[in-house]
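Engineer: Pasting the sequence and the predicted coordinates here, then a few questions.
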Amino acid sequence: MNYREDLEIKLQKVKLAMQEVVDDSNKTDPEKQRTISKLIEFKEAIISKGIELNIELEAA
């Protein structure tokens, strides 16, 4: 596996996790917001790493 594939897989996992949080009816809105905020930070870190490595990732 190369860096691009690794970053794209991580990015996809973050996107899926964000959707799961949004769809989870057992979580309160503040819980959802906190979790999504953390996932957005992770997503931005993945994108930044791609930029650092000069790897163009799929549109996030």
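Structural biologist: Alright, I've got the coordinates.

Engineer: In the chain, where is pLDDT below threshold?
Structural biologist: 59-60 (pLDDT under 70).

Engineer: and Tyr3, what does it touch?
Structural biologist: Going by CB atoms under 8 Å, 6 or more residues apart in numbering, Tyr3 touches 53, 55. (Each C-beta comes from the backbone N, C-alpha and C, glycine too.)

Engineer: Just want the phi and psi numbers for it.
Structural biologist: Backbone torsions for Tyr3, taken as degrees, to the nearest 10, come to phi -60, psi -40.

Engineer: all strands of the chain, in order?
Structural biologist: When assigned using DSSP state E, the chain turns out to have no strands.

Engineer: quick check: longest helix of it.
Structural biologist: When the chain is parsed with DSSP state H, its longest helix is helix 29-52.

Engineer: which parts of that one are buried?
Structural biologist: Under the neighbour-count criterion of 16 or more other CB atoms under 10 Å, helix 29-52 has 35, 39, 42-43, 46-47, 50 buried.

Engineer: Would you mind pulling up the elements that that helix packs against?
Structural biologist: Under the contact criterion of 3 or more CB pairs under 8 Å, 6 or more residues apart in numbering; DSSP states H and E, helix 29-52 touches helix 3-23.

Engineer: Touching the longest helix of the chain from outside, list them.
Structural biologist: 4, 7, 10-11, 14-15, 17-18, 21-22, 24, 27, 56-57, 60.

Engineer: most surrounded residue in those?
Structural biologist: Using other CB atoms under 10 Å as the neighbour criterion, Val14 leads these with 21 neighbours.

Engineer: how close does the residue nearest to it when sequence neighbours are not counted sit to Leu7?
Structural biologist: Of all residues not flanking Val14 in the chain, Lys43 sits nearest, at 4.6 Å (CB to CB, 6 or more residues apart in numbering). Distance, Lys43 to Leu7, by CB to CB, to the nearest Å: 11 Å.
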